[in-house]
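Chemist: Below are the sequence and a predicted model; questions follow.
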Amino acid sequence: MTVQELKDKQNSLITRCDEIVNLCKSEVREMTKEEEDEFNANKEEIKALKEEIKALEEKLSEDKEDLPEDKEDKEEKSAEDNKEDNKDKEEKEEETKEEKEEDEDSSEKEKKNNRNITMNSQKFNLMTELRNSLETGKSFNLNEVRAYTVTAEGEDVVQTDIYDIWEPLRAKNVLVQAGAQVISGIKNNVQIPLMSAVSCNFAGETADASNGSGTFTSKVLSPKRITAKYPISLQLLAQDSVGVEAKIREDISKAINSKLESVLLGTAAGTANQPAGIFYDSSVFAIQNFNDITTLESKVESENVYGDMKYIVSPAAKADLRSMAKSSKSTQLVMEGGEIDGTPVFATTHVSDKKIAYGDWSNLVIATWDNVQLDVVRDVASVGNGQVTIVVNAFVDGALIRPNAVVFGTTDPNAAA
């Protein structure tokens, strides 16, 4: 095949790849397996054709240089002929230079096409989803969120080379790490039955047996709404942007999780719209030395709770425990290597002041209803301000099912109760 035929074939493959990508974009979906296989095969063939074209052009150039000149014709050339030949040579050199520039432009264009193919093959970002949702009024999942606007210099993400995006500082989420149970994808209220222990007693030879049956209670979890609004500028919708959607998606997920966890580890009473904090109306034991630590742990064991124990503490309490001597006869500290006497310790600012919680965290249950819902609202007021609004809704609840499975302390002697 000639160079031109190879280039025609290469351009045809590039056009086919673009057709596949454009079809997926118009239908707002990812490639099927057949389309992905064809796309990848075309990319490989485009790469091979590029190398073949380059090799063929180099060979043609070498063959041209090796062509023998006719010695007799050369000797018979007159001065006028030599002048004409020199002119022809200059014209050929100029043509060769132009062809080289065209080839370089063609090569650069091919590189750009290949780069566009690679970029277009990625999963579609929020821009496509937002435009589509504005036309159809549909909702889409949190996994497709982008929420930054184009504002001032240094904050924009349009036409700016950004090498990394630093996440906002958030409190560490620890409940699931400590062992809390998560129930997800539910539709109705959740009622968790609790049974007290069955008892047995000694009795005389013919005496009646005592009633040893356990009692039943229950804990009900119902959806509590966590929500927020995120304005998006129409200018951002009209422009492409760098890949910030993963960071924003991750941060919204963390924000929802952090809000729930901060409430569960808080001191507020429960309401119809918000779960109660585990520290609400709880006795807090003063901890000033290692003996107080062992006393705190015994409070859980005395309730016959023998699960996988963990500590969850505030940063201030952690600092106190790391500087608290285990005894006057030892250089050991109460907390060393992230543990208290072999028990893991998790620190988070979701726990306030110098509070400490210890116990079996599998008795704390977190429930989530459906997926996080993301809706795009385009009202007259927002559009007038050059914006649309993303509304986020999540429905969650949580509770400590067996209150005695977790006990509470503080390293602040004035705060104990």
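Modeler: Received it, and whenever you're ready, just let me know what you need.
Chemist: element containing D397?
Modeler: Using DSSP states H and E, D397 sits in strand 387-400.
Chemist: pLDDT (mean, whole number) over the helix or strand following that strand?
Modeler: Downstream of strand 387-400, the next assigned helix or strand under DSSP H and E is strand 406-410. If you average the pLDDT over strand 406-410, you get 95.
Chemist: tilt between strand 406-410 and strand 387-400?
Modeler: Orientation of strand 406-410 against strand 387-400 (axes from the mean of the first three to the mean of the last three Cα atoms, to 10 degrees) gives an angle of 100 degrees.
Chemist: domain ranges for this structure?
Modeler: Segmentation of the chain into domains, based on automatic domain parsing, reads 3-66+77-120, 125-198+212-417.
Chemist: can you redo those domains as a markdown table with distance to E205?
Modeler: The C-beta positions use only the backbone N, C-alpha and C, and glycine is treated the same way. What follows is those, written out as a markdown table (distance: least, Cβ to Cβ, whole Å):
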| stretch | distance to E205 |
| --- | --- |
| domain 3-66+77-120 | 77 |
| domain 125-198+212-417 | 18 |
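Chemist: Using a markdown table, please lay out those together with mean neighbour count.
Modeler: Converted to a markdown table, the domains of the chain look like this (neighbours: other Cβ atoms under 10 Å):
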| stretch | mean neighbour count |
| --- | --- |
| domain 3-66+77-120 | 13 |
| domain 125-198+212-417 | 16 |
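Chemist: of all those, which lies closest to G204?
Modeler: domain 125-198+212-417 (16.0 Å; Cβ to Cβ).
Chemist: List the residues that contact A203.
Modeler: A209, S210 (Cβ atoms under 8 Å, 6 or more residues apart in numbering).
Chemist: Give me the three-state assignment for it.
Modeler: Using DSSP: H, G, I helix; E, B strand; the rest coil, the structure places A203 in coil.
Chemist: Helix, strand or coil: sort out T294 for me.
Modeler: helix.
Chemist: That one and T411: what is the separation?
Modeler: 15 Å (Cβ to Cβ, to the nearest Å).
Chemist: G277 too?
Modeler: 19 Å.
Chemist: Now E57: which helix or strand?
Modeler: helix 33-66.
Chemist: what about that helix, average pLDDT?
Modeler: On average, helix 33-66 scores 83.
Chemist: picking that back up, rank the domains of the chain by mean pLDDT and give me the bottom one.
Modeler: domain 3-66+77-120 (a mean of 72).
Chemist: how about the residue nearest to Y311 when sequence neighbours are not counted, what does it touch?
Modeler: Of all residues not flanking Y311 in the chain, V345 sits nearest, at 4.3 Å (Cβ to Cβ, 6 or more residues apart in numbering). Contact analysis of V345 by Cβ under 8 Å, 6+ apart lists K310, Y311, I312, V313, K318, L321, M335, G338, E339.
Chemist: mind listing what the fifth one touches?
Modeler: In this structure, K318 makes contact with M335, V345, A347, judged by Cβ under 8 Å, 6+ apart.
Chemist: mind checking the SS state of F346?
Modeler: When the rule is three-state DSSP, F346 gets the label strand.
Chemist: 307 is where my numbering starts, stick with that
Modeler: Yes, from this point I'll number from 307; that puts the last item at F652.
Chemist: wait, it sits on V480?
Modeler: Yes: between F652 and V480 there is a contact at 4.0 Å, judged by Cβ atoms under 8 Å.
Chemist: Need the overlap of contacts for those two.
Modeler: Common neighbours of F652 and V480 (Cβ under 8 Å, 6+ apart) are I618.
Chemist: and the angle for the helix or strand in which Q310 is found with helix 339-372?
Modeler: Following DSSP H and E, one finds Q310 within helix 309-332. Interaxial angle, helix 309-332 versus helix 339-372 (the same axes, to 10 degrees): 160 degrees.
Chemist: what about the strands in the protein?
Modeler: 445-447, 487-492, 496-501, 522-527, 530-539, 590-592, 615-619, 641-642, 645-646, 649-653, 661-666, 670-683, 693-706, 712-716 (DSSP state E).
Chemist: Same list, those, but as TSV with distance to E364 please.
Modeler: Formatted as TSV, the strands of the chain follow (distance: least, Cβ to Cβ, whole Å):
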stretch	distance to E364
strand 445-447	51
strand 487-492	61
strand 496-501	72
strand 522-527	72
strand 530-539	51
strand 590-592	81
strand 615-619	68
strand 641-642	68
strand 645-646	67
strand 649-653	64
strand 661-666	73
strand 670-683	54
strand 693-706	54
strand 712-716	75
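Chemist: Looking at these, which is nearest to L566?
Modeler: That would be strand 693-706 among these, by Cβ to Cβ, at 5.1 Å.
Chemist: thinking again about what came up before, what's the strand holding D703 packed up against?
Modeler: If contacts are counted by 3 or more Cβ pairs under 8 Å, 6 or more residues apart in numbering; DSSP states H and E, strand 693-706 sits against strand 522-527, strand 530-539, helix 540-544, helix 551-570, strand 670-683.
Chemist: what's the angle from the longest one to strand 615-619?
Modeler: With the same axes, to 10 degrees defining the directions, helix 551-570 sits at 100 degrees from strand 615-619.
Chemist: Same check on the first one?
Modeler: Taking the same axes, to 10 degrees, strand 522-527 and strand 615-619 form an angle of 40 degrees between their directions.
Chemist: Now do E567 against V702, distance only.
Modeler: In terms of Cβ to Cβ, E567 sits 10 Å off from V702.
Chemist: What of G576?
Modeler: Taken as Cβ to Cβ, the span from G576 to V702 is 13 Å.
Chemist: for N677, same thing?
Modeler: For N677, the distance to V702 - Cβ to Cβ - is 12 Å.
Chemist: what do you get for A631?
Modeler: From A631 to V702 the distance is 42 Å (Cβ to Cβ).
Chemist: Provide a list of residues in contact with A486.
Modeler: W667, S668, L670, V671, I672, G704 are the contacts of A486 under Cβ under 8 Å, 6+ apart.
Chemist: Of these, which pair is most distant in space?
Modeler: Across these (Cβ to Cβ), the longest gap, 13.1 Å, separates S668 and G704.
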